[in-house]
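Asker: below is the sequence, then the predicted model.
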Number of protein chains: 2
Amino acid sequence: MNTGHHEASWRLPESNPYASVAIDHYRNLARIAERGTFDSLFLADGPVLFNSVGQRPSGSLEPITLLTALATATEHIGLIATASTSYNAPYNLARAFASLDHISGGRAGWNIVTTAGAEAARNFGLDDEPSHATRYERAAEFLDVVLKLWDSWEDDLIVADKIAGVWGDTAKLHPPKHRGTHFSVEGALNVPRSPQGYPLLVQAGSSEDGRRFAARHAEAVFTAQQTLRDAQEFYADLKARTRAGGRDPEGIKILPGIVPVIGDTEAEARRREAELEEHIVYEHSLHRLERLLHVEPGALDLDSRLPDGLPPESAIEGAKSRYTLVVELARRDDLTVRQLIGRLGGGRGHRTFTGTPEQVADAIEDWFRHGAADGFNIMPAVLPSGLELFVDHVVPVLRTRGLLRSEYGPRQTLRERYGLPRPANQYTVPVLATH
Amino acid sequence: MNTGHHEASWRLPESNPYASVAIDHYRNLARIAERGTFDSLFLADGPVLFNSVGQRPSGSLEPITLLTALATATEHIGLIATASTSYNAPYNLARAFASLDHISGGRAGWNIVTTAGAEAARNFGLDDEPSHATRYERAAEFLDVVLKLWDSWEDDLIVADKIAGVWGDTAKLHPPKHRGTHFSVEGALNVPRSPQGYPLLVQAGSSEDGRRFAARHAEAVFTAQQTLRDAQEFYADLKARTRAGGRDPEGIKILPGIVPVIGDTEAEARRREAELEEHIVYEHSLHRLERLLHVEPGALDLDSRLPDGLPPESAIEGAKSRYTLVVELARRDDLTVRQLIGRLGGGRGHRTFTGTPEQVADAIEDWFRHGAADGFNIMPAVLPSGLELFVDHVVPVLRTRGLLRSEYGPRQTLRERYGLPRPANQYTVPVLATH
């Protein structure tokens, strides 16, 4: 979110309601995050106008473009853009990410999403969204094609022999010649292989299809988890699936979201949280919740609990895991719809945490030490102030505890930063040592 | 071209054969151009690997991404990216250009191309290129859709009333609800209207279809013209067509390409030209020429003239106007195939001009004063050195003659720089004065 992850953040006096298109706003955020020696910046996205423009800031710059601008304003931080496998052509997306990886010196990441919702589908010539299963089937083939494109130039293709007039070794060019169910892509990419080989592969859906996809392909996973137990279950499940598929479980980093609201004292943090909740327009949120839960308009009452008889997750074609998380959150904590909206307003399904810098650091350390997370997606309720508070007050605590680096050290790619190997090119024949 | 517009430029000792992915190389070019107070930078492009990697530098960064990086390294210069209407989705391209326009403070331009060639088509699920007419029909509908998307937010939609909790005026949002032959696009763009309203619209094909499209839509036209007479004919024709269509002919800027090879003396310039020609690999160029002319491999002989019986332009489905230009150039100047390749190697159809800075300035002034050009697309044979020579030696002459500004003055959008009005929003009802 432009002004913060709390839906009412834009209404605070300090917030810039035009932040969505203000490159200086994002440049400032990137520099604060780099001051906090974060691994990466992450932009969620979809090719659709999500919110009603009447209610809160809507629209945002296209993530690959925005992150390219931020690449030139930073030196170390990773740049992870969300892009849809349902509404892009593999050739174009492969090229854009390869370009970002070149321009940033190997700091690009791709959050692979299939994009739920009929509204997005209708921006791309479809009448309704493809089924959840079809979207994931297309995503798998899409990934197969873009990996072939990224590998279509071997790393040492360019020989640059000016005297002989030979620029590249044609034997090291591998046009995909792909003919599949969803795509036919004949030719090689028109960008040399990039510093990382290809961007770090990230995934963010926690449904059954999403977990299967992540275990097979993802190197990092963003996830929304409300409780330590749920987060541990998810963490253990995904690591086990990854191992079962023959991959090193260390090769997939699990990163739950956390929405911190920070105060010098607990009371001040609570005041801050209450100030945000006062700015929620409950009728608007009610309509969004009705859409998320696939119930009729008017089916929910602010001061009652969720009705019985909501459909099972298997009947949902949209954002499956978010649906289940919200229903379980309401049932577990016995929340009225109004209370549920208050909780969602802060984190929209992500874990909110309100407290002092020490308490926030405790919350982070607790999950990290107890098998729930390899790292965290920090989603401040208000931006930039919440990020500044985190960097200036929580980061020093984490550093003292040895949980976060104090400086970046030499320049690294995003994969190096995550401790992951550079992927080999699928077409390069390994050179064998001879005896 | 990365290392210059002469195909052999990469073989010079001074050239960086890895320039295609070197962001510093492009940043340097942009800064030199801005030192020369150029109006804009222009990147040609296609979603395909054009050249054989064996022969010369191939591939390039995606233009919108690259220009976004250059936007942050410059302050004044316009940034014109080529993008295809045949191989993009309107929603995605509209958003990427709107993002570039926001990030650059209103300096974006779009060179609208339909992309000739079966190779590109085969990267996007087609077996062959659509016909020339079909490509232009799709281009017209594509432009209609993206204009609706760019206008889908009125300029004053955002009201940002924090007290009332109203961010935008929903009455000023206009989802396209487009249902056409090639596209269905329902929803509004997810980016507010950009500083220029939308990018400057540029066109570069000179075929009958291309001229019709340009007269109707383009605000600037890049064109390849070999002689003053041809350039005058093209200029007069396009201005007349524009007037006939009810548009102000001042609203379309005609910009022929020129490939200068500059020396302190004419003899030095000729030596430079000869050095480049020595580095041409004629067999490679012969194969490319055979493809361009749609003749069988082996049909051309280096030391003979073009054969009779080449097809008429109407039979060509690819790059029509380039085809005719090359055939006419060979016939008019009675060139052997080898001589033709020498001429094309420098400019690939664009006018080459070899001489001293004064002579280059004369050549530019001559066309400008005689109804052949509103400006020029400067395409140095070697980069960056040719651009530096132009900026340091030709630009001062042009300034002395009053043909080029000496400084940029206050920040302007690209349209302001071209003296063009900001386009009105098609959905905004003009406020009428009352008496």
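Answerer: Noted; the coordinates are in hand.

Asker: the stretch 51-200 of chain A: strands as residue ranges?
Answerer: In chain order, the stretch 51-200 of chain A shows strands spanning A:78-84, A:108-113, A:158-161, A:166-168, A:178-179, A:184-185, A:200-203, with DSSP state E, counting those that start in this stretch as the criterion.

Asker: and these: which comes nearest A:P260?
Answerer: For these, the distance to A:P260 is smallest for strand A:78-84, at 19.7 Å, taking C-beta to C-beta. Yep, even glycine has a C-beta here, placed from its N, CA and C like the rest.

Asker: if we can go back for a sec, out of the strands of the stretch 51-200 of chain A, nearest to A:T223?
Answerer: If you check each of the strands of the stretch 51-200 of chain A against A:T223 by C-beta to C-beta, strand A:200-203 wins as the nearest, at 9.2 Å.

Asker: which is the next helix or strand following the closest one?
Answerer: Next in sequence after strand A:200-203, counting helices and strands by DSSP states H and E, comes helix A:208-217.

Asker: so which bits of that following helix are buried?
Answerer: Under the neighbour-count criterion of 16 or more other C-beta atoms under 10 Å in any protein chain shown, helix A:208-217 has A:209-211, A:213-217 buried.

Asker: pick out the most distant pair among the residues you listed.
Answerer: Of all pairs in these, the most separated under C-beta to C-beta is A:D209 and A:H217 at 12.3 Å.

Asker: can you list the buried residues of helix A:208-217 in a markdown table and add pLDDT and distance to A:A116?
Answerer: A markdown table is the format used below for the buried residues of helix A:208-217 (pLDDT from 0 to 100; distance: C-beta to C-beta, whole Å):
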| residue | pLDDT | distance to A:A116 |
| --- | --- | --- |
| A:D209 | 90 | 12 |
| A:G210 | 92 | 11 |
| A:R211 | 95 | 16 |
| A:F213 | 95 | 14 |
| A:A214 | 96 | 16 |
| A:A215 | 97 | 20 |
| A:R216 | 96 | 20 |
| A:H217 | 96 | 19 |
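
Asker: closest to A:A424 out of those residues?
Answerer: A:H217 (15.3 Å).

Asker: so what's that closest one up against?
Answerer: Contact analysis of A:H217 by C-beta atoms under 8 Å, 6 or more residues apart in numbering or on different chains lists A:112, A:143, A:201, A:203.

Asker: now do 10 Å
Answerer: A:112, A:139-140, A:143-144, A:147, A:201-203, A:245, A:247, A:252 (C-beta atoms under 10 Å, 6 or more residues apart in numbering or on different chains).

Asker: ok, now A:L255?
Answerer: Shown here is A:L255, whose contacts under the criterion C-beta under 10 Å, 6+ apart are A:39-40, A:42, A:202, A:204, A:220-223, A:373-378.

Asker: in a helix, it, correct?
Answerer: No. Per DSSP: H, G, I helix; E, B strand; the rest coil, A:L255 lies outside any helix segment and is strand.

Asker: what pairs with it across the strands?
Answerer: Per DSSP bridges, the residues bridged to A:L255 are A:F222.

Asker: swap in the one 5 residues further on?
Answerer: Beta-bridge partners of A:P260, counted by DSSP bridges, are A:F353.

Asker: quick one: pLDDT of A:L432?
Answerer: With respect to pLDDT, A:L432 scores 69.

Asker: same thing with A:S321?
Answerer: A:S321 is assigned 78 on the pLDDT scale.

Asker: with A:L306 instead?
Answerer: Predicted confidence (pLDDT) for A:L306: 92.

Asker: tell me the contacts of it?
Answerer: Residues in contact with A:L306 (C-beta under 10 Å, 6+ apart) are A:289, A:293, A:295, A:299-300, A:326-327, A:329-331, A:335-337, A:340.

Asker: could you redo the strands of the stretch 51-200 of chain A as TSV and give each row mean neighbour count and mean pLDDT?
Answerer: TSV is the format used below for those (neighbours: other C-beta atoms under 10 Å in any protein chain shown; pLDDT from 0 to 100):
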stretch	mean neighbour count	mean pLDDT
strand A:78-84	25	98
strand A:108-113	26	98
strand A:158-161	16	97
strand A:166-168	22	96
strand A:178-179	14	98
strand A:184-185	21	98
strand A:200-203	26	98
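
Asker: give me the buried positions along the worst-scoring helix or strand of chain A on mean pLDDT.
Answerer: Least confident element among the helices and strands of chain A, by mean pLDDT, DSSP states H and E: helix A:337-347 (a mean of 83). By neighbour count, and taking 16+ other C-beta under 10 Å as the criterion, the buried residues in helix A:337-347 are A:337-338, A:340-347.

Asker: just the strands in the stretch 201-350 of chain A please.
Answerer: Along the stretch 201-350 of chain A, the segments classed as strands by DSSP E, counting those that start in this stretch run A:220-223, A:253-262.

Asker: highest mean neighbour count out of those strands?
Answerer: Mean neighbour count (mean count of other C-beta atoms under 10 Å in any protein chain shown) peaks for strand A:220-223 among the strands of the stretch 201-350 of chain A, with a mean of 27.

Asker: avg pLDDT for it?
Answerer: Taken as a whole, strand A:220-223 has an average pLDDT of 96.

Asker: where does pLDDT dip in chain A?
Answerer: With pLDDT under 70 as the threshold, chain A has low-confidence stretches at A:1, A:347, A:432-435.

Asker: distance between stretch A:157-165 and the chain's centre?
Answerer: In this view, stretch A:157-165 has its centroid 41 Å away from the chain centroid, taken as C-alpha atoms, centre = their mean, to the nearest Å.

Asker: what about stretch A:379-393, start to end distance?
Answerer: 15 Å (C-alpha to C-alpha, to the nearest Å).
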